[in-house]
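[1] need coordinates for the following:
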Amino acid sequence: MSKDNRGNPDIKNYGFKTDREEPLTEKMNIRMTKSMKEEVHKQDNPPEFCREAIQKALDEKKGKDK
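    Below is the predicted model of the structure:
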């Protein structure tokens, strides 16, 4: 198979779509206590809970730095 013919030419029709302003393209690993991990996993949507908590902390820090 030649290099130009690999993959699905219609991937944009079937690929991942998002309704977010900015797509979630990055990953990050963090260390936390076992009890923190247990509490996070109790949330309805743990990944979104973490994103919201990080964004809230960043916004608060940005406000204090002004």
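[2] if you drop the residues flanking it in sequence, what lies closest to the spatially most central residue of the chain?
    Nearest to the geometric centre of the chain sits residue 24, at 4.5 Å (Cα atoms, centre = their mean). Leaving aside its sequence neighbours, residue 24 sits nearest to residue 18 (Cβ to Cβ, 6 or more residues apart in numbering; 7.1 Å). Yep, even glycine has a C-beta here, placed from its N, CA and C like the rest.
[3] residues near that neighbour, how many?
    Neighbours of residue 18 under the rule other Cβ atoms under 10 Å: 9.
[4] now the helices for the chain?
    Taking DSSP state H as the test, the helices found in the chain are 11-14, 34-41, 46-65.
[5] chain center to the longest one: distance?
    So the one you mean is helix 46-65. Relative to its chain's centre, helix 46-65 lies at 13 Å (Cα atoms, centre = their mean, to the nearest Å).
[6] what does the first one give?
    A distance of 21 Å separates the C-alpha centroid of helix 11-14 from that of its chain, computed with Cα atoms, centre = their mean.
[7] hang on, the earlier thing: in TSV: the helices of the chain, plus distance to residue 5 and mean neighbour count.
    Formatted as TSV, the helices of the chain follow (distance: least, Cβ to Cβ, whole Å; neighbours: other Cβ atoms under 10 Å):
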stretch	distance to residue 5	mean neighbour count
helix 11-14	14	8
helix 34-41	44	10
helix 46-65	36	11
